[in-house]
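> model the structure of this input:
(4 chains)
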There are 2 protein chains.
Amino acid sequence: MKQVTINDIAKLAGVAKSTVSRYLNGGSVGQETRDKIERVIRETNYEPNQFAQSLKSKQTKMIGVIVPRLDSYAASRTMMGIDERLTERGYQMLVVNTAQQTEREIEQLYNLAKQKVAGIIWLGTTVTERHLQAIQDIQIPVLLIGQEHEQVHSLVYPDFDAAYALGKQFMDWGHRDIIYVGVEEYDIAVGQARRDGFLRAFQEVDANVTTYTTTFKIEDAIPIGEALAEITDRATLVVCATDNIALGVLKGLANAGKTVPGDISVSGFGGYDFTEVLHPSITTVHLPYRRTGSRAADMILQLLTGDTIPMKTFTTFELKLRESVDI
Amino acid sequence: MKQVTINDIAKLAGVAKSTVSRYLNGGSVGQETRDKIERVIRETNYEPNQFAQSLKSKQTKMIGVIVPRLDSYAASRTMMGIDERLTERGYQMLVVNTAQQTEREIEQLYNLAKQKVAGIIWLGTTVTERHLQAIQDIQIPVLLIGQEHEQVHSLVYPDFDAAYALGKQFMDWGHRDIIYVGVEEYDIAVGQARRDGFLRAFQEVDANVTTYTTTFKIEDAIPIGEALAEITDRATLVVCATDNIALGVLKGLANAGKTVPGDISVSGFGGYDFTEVLHPSITTVHLPYRRTGSRAADMILQLLTGDTIPMKTFTTFELKLRESVDI
DNA sequence: AAGTGTTGCGGAACCGGTTCCGCAACACAA
DNA sequence: TTGTGTTGCGGAACCGGTTCCGCAACACTT
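Just a heads-up that it's a prediction; the model follows:
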């Protein structure tokens, strides 16, 4: 099981190793020599040593993917999409996890650069000066998913538009007293764009809105749901910034003995698979995580070949109007 | 931003590069030289080129992780655990996805070997002769999670015991007419061990059991739930082999207008987070995926250092007795 | 004073590829 | 026949580390 090297091939084929290398990389090699080398390579199952190659070329066939957490639905689906496409194209995905620490995002940018990945796909939550500095330092194409910044190529979800569209639908249905449960503003896409989209829709018809702020964790939204149970006579709809929050709110309401959508309606955002199979099924916005991953892979590969692509690309969204919101 | 090399350091410090290398790897170097080198390294932010190192050493600080899918709860949580521990210990996780194709598992074993990972953690579904062959060929420590085989170090969930314990509990509560919804047998752990554990518990009290077989997908279980709605007067409990199946069954029952646990009880297996926040909350078995990941990381690292560890290690489980099953 | 270790260090080879350079062989045009 | 190009190939240098070997300097015995 010893590693077969290019030297072995050269020796067995009776040529110089530079010739073998040329054969492998499409240089000029005579037909006769070509045949000999090909035979030897086939017989020995030769595979070039990637380290030796990378040592010289200072490049790999890897694309780094920076994710805030490994166990989020959005991240998982996006990774799937990325991996599929990358594999098709002969690249490998190298996932690194930041455990939701901004500091580690920056660390990992440098780290991936050290590992000579060809490009980086970054599932971001926030973009700071130091991120930009890192991106500039490392001299590697970076594609940002889920957030945007004018200086970084980005592939973003139409959070504002989707939120607006969903909010508008609710307004059309006549909801006028709304609870909005969002997250902190440091997450631009979720904390700001989504909220602003909803608020715009609500304000257009002068609806009454009460805002709560929570985290991305299900548990943290439960008490909010419980608290909301007190005012189900007034408010008719709880709009949540994520499906996880909706889940927590639903639980809280259930704990307090309220039924959905009977006593009050609840909507989510994100489009987790299982929102559909719950009872009641949850009204939400479906974001195409997986397809976005694939597109991101395509885009980063284009960036590698030097193609120019728009700095900012939007994905699509789809309203999922289901049982949890009363018409 | 050009790469600083060991030659640069040597030149700047006025020593031979072999001395620098010795300094870095703990060889004998005089105090004075040591200081000079240290200063230069600090000033230049020198970091050794990993490719050059690996080229010589034929090793990396990477642990390959083979997962059947990127978007399963179990896989995600396990990866989290692995990554955490590996990062602590100065290793990196390299995840490869097989998209549930057995063939690709084997491919990836060889592939990871080619990339000279130090060890491999394999979240398996089934173990064939060809897997064993691959494992033997590559000469790299492999740790199998979730399945077992006498020739491979494995870390397994106590599927049988957990299923037995849960089934026994149901028997104690007096359920006697049971529906079991499982998966195909090719998955030893889920398809066989879990089923057998349950059946054992049921048989001990001569309960009446009807068995259905489905897949790991939520959707495929929905029709089963719908079909079961016909017999809620007879059967009192649907035992599902996974939480996903339980979710589908619940949906099917809901579609048919049945309530849980009013008309019939339903239990899951696996312990997804959100089984707790559903309404009704789902009775299930919690398996410690994340902690298992961490342990797996520890174990593979032990294997690297040549320690001997038991061929087979069991994890724990915890019954989560909740609302979806009537007492 | 001669012999025996020990320590610190430089030089060179090596890991397995890629690439540059130059030479030989051959064809073809002038 | 000489000159110009093209093609095929070997040799050597290089990528950035690690490691083996040998030598010099300096104790420390005996």
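
> burial measure for A:Arg39, as a count.
A count of nearby residues for A:Arg39, using other CB atoms under 10 Å in any protein chain shown, gives 12. No exception for glycine: its C-beta is placed from N, CA and C like everyone else's.

> please apply the same query to A:His153.
Counted with other CB under 10 Å, A:His153 comes out at 22.

> does it touch A:Gln147 like I think?
No: using CB atoms under 8 Å, A:His153 is not in contact with A:Gln147, being 11.7 Å away.

> and the pLDDT at the closest residue to A:Gly27 other than its chain neighbours?
The spatially closest residue to A:Gly27, leaving aside those adjacent along the chain, is A:Ser21, at 7.7 Å (CB to CB, 6 or more residues apart in numbering or on different chains). With respect to pLDDT, A:Ser21 scores 94.

> residues near the nearest residue to A:Gly14 once chain neighbours are set aside, how many?
Closest residue to A:Gly14 apart from its sequence neighbours, by CB to CB, 6+ apart: A:Lys36 at 7.0 Å. By the criterion of other CB under 10 Å, A:Lys36 has 20 neighbours.

> list the contacts of A:Lys36.
Shown in contact with A:Lys36 (CB atoms under 8 Å, 6 or more residues apart in numbering or on different chains): A:Ala13, A:Gly14, A:Val15.

> do you have the helices of chain A handy? List them.
With DSSP state H as the criterion, chain A has helices at A:6-13, A:17-24, A:31-44, A:50-57, A:73-88, A:102-114, A:129-138, A:159-172, A:195-204, A:218-228, A:243-255, A:289-304.

> hey, which of these is tucked in deepest?
With neighbours taken as mean count of other CB atoms under 10 Å in any protein chain shown, the helices of chain A reach their highest mean count in helix A:243-255, at a mean of 26.

> from the contact counts, what lies against it?
Packing contacts for helix A:243-255, counted by 3 or more CB pairs under 8 Å, 6 or more residues apart in numbering or on different chains; DSSP states H and E, involve strand A:177-183, helix A:218-228, strand A:237-240, strand A:265-267.

> need the CA coordinates for that helix. PDB is fine.
What follows is helix A:243-255, C-alpha atoms only, in PDB (Å, rounded to 0.1, in the frame of the first residue of the first chain):
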ATOM      1  CA  ASP A 243     -39.700  29.600  12.600                       C
ATOM      2  CA  ASN A 244     -37.900  28.700  15.800                       C
ATOM      3  CA  ILE A 245     -39.400  31.700  17.500                       C
ATOM      4  CA  ALA A 246     -42.800  30.700  16.200                       C
ATOM      5  CA  LEU A 247     -42.300  27.300  17.600                       C
ATOM      6  CA  GLY A 248     -41.500  28.700  21.000                       C
ATOM      7  CA  VAL A 249     -44.400  31.100  20.900                       C
ATOM      8  CA  LEU A 250     -46.700  28.300  20.000                       C
ATOM      9  CA  LYS A 251     -45.500  26.300  22.900                       C
ATOM     10  CA  GLY A 252     -45.900  29.200  25.200                       C
ATOM     11  CA  LEU A 253     -49.400  29.800  24.000                       C
ATOM     12  CA  ALA A 254     -50.200  26.100  24.400                       C
ATOM     13  CA  ASN A 255     -48.800  26.100  27.900                       C
END
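
> contacting residues for the closest residue to DNA strand C within the stretch 201-327 of chain A?
Here the stretch 201-327 of chain A gets closest to DNA strand C at one residue, A:Leu304, 16.0 Å apart by CB to the nearest atom of the strand. Shown in contact with A:Leu304 (CB under 8 Å, 6+ apart): A:Ala118, A:Gly119, A:Pro141.

> return the member of the residues you listed nearest to DNA strand D.
Distance to DNA strand D across those (CB to the nearest atom of the strand) is lowest for A:Ala118, with 17.5 Å.

> now for that closest one: which residues touch it?
A:Gln59, A:Thr60, A:Lys61, A:Met62, A:Ile63, A:Tyr91, A:Ile140, A:Pro141, A:Leu304.

> report how many residues lie close to the closest residue to A:Val156 other than its chain neighbours.
Spatial nearest neighbour of A:Val156, chain neighbours left out: A:Glu148 (4.8 Å); criterion: CB to CB, 6+ apart. For A:Glu148, the count of nearby residues is 22 (other CB under 10 Å).

> which residues touch A:Glu148?
Counting by CB under 8 Å, 6+ apart, A:Glu148 makes contact with A:Ser154, A:Val156, A:Ile188, A:Ala189, A:Lys312.

> you'd agree the third one is up against A:Thr126?
Yes: the pair A:Ile188 / A:Thr126 is scored as a contact, 6.6 Å apart, by CB under 8 Å.

> more neighbours: which of the two?
With neighbours defined as other CB under 10 Å, A:Ile188 and A:Thr126 compare such that A:Ile188 has more, 19 against 16.

> chain neighbours aside, what residue packs nearest to that one?
Per CB to CB, 6+ apart, closest to A:Ile188 is A:Gln147, 5.5 Å.

> distance check, the one you found against chain B.
Per CB to the nearest CB, to the nearest Å, A:Gln147 is found 22 Å from chain B.

> wait, what's in contact with that residue?
A:Gly124, A:Thr125, A:Thr126, A:Val127, A:Ser154, A:Val156, A:Asp187, A:Ile188, A:Ala189.

> and with 6 Å instead?
The contact partners of A:Gln147, by CB atoms under 6 Å, 6 or more residues apart in numbering or on different chains, come to A:Gly124, A:Val127, A:Ile188, A:Ala189.

> would you mind giving the domain segments of chain A?
A:6-48, A:62-157+A:290-314, A:159-286 (automatic domain parsing).

> would you single out the least confident of those?
domain A:6-48 (a mean of 91).

> which one of the contacts of A:Gln147 has the most neighbours?
Tallying neighbours with other CB under 10 Å puts A:Gly124 at the head of these, with 26 neighbours.

> so that residue makes contact with A:Ile145?
No: applying CB atoms under 6 Å as the test, A:Gly124 and A:Ile145 come out as separate, 7.0 Å apart.

> before we move on, back to that, which one of the contacts of A:Glu148 sits closest to A:Gln53?
Nearest to A:Gln53 among the contacts of A:Glu148: A:Ser154, at 31.5 Å, using CB to CB.

> just checking, that closest one touches A:Leu144?
Yes: contact criterion CB under 6 Å: A:Ser154 and A:Leu144 qualify, at 4.1 Å.

> how much space separates A:Ile145 from A:Pro288?
Between A:Ile145 and A:Pro288 the computed distance is 12 Å (CB to CB, to the nearest Å).

> now do A:Ala241
The span separating A:Ala241 from A:Pro288 equals 18 Å under the rule CB to CB.

> who has more neighbours, those two?
A:Ala241 (27 against 18).

> leaving out the residues flanking it, which one is nearest to the more buried one?
A:Gly182 (4.3 Å).

> gap between that neighbour and DNA strand C?
Relative to DNA strand C, A:Gly182 is positioned 52 Å away (CB to the nearest atom of the strand, to the nearest Å).

> could you list the buried residues of stretch A:60-76?
Buried residues in stretch A:60-76, defined by neighbour count with 16 or more other CB atoms under 10 Å in any protein chain shown: A:60, A:62-76.

> with stretch A:307-324 instead?
So, applying 16+ other CB under 10 Å, buried residues of stretch A:307-324: A:Thr313, A:Thr315, A:Phe317, A:Leu319, A:Lys320, A:Leu321, A:Arg322, A:Glu323, A:Ser324.

> which residues does the first one bridge with?
Spelled out, it's A:Thr313. Under the criterion DSSP bridges, A:Thr313 forms beta bridges with A:Leu155.

> doesn't A:Ser154 make contact with it?
No: in this structure A:Thr313 lies outside contact range of A:Ser154 using CB under 6 Å: 7.3 Å.

> show me which residues of the stretch 151-300 of chain A are close to chain B?
Applying CB under 6 Å from any CB of the partner chain, one finds that the stretch 151-300 of chain A approaches chain B through A:Ile218, A:Leu247, A:Lys251, A:Ala254, A:Val277, A:His279.

> sounds good, over and out.
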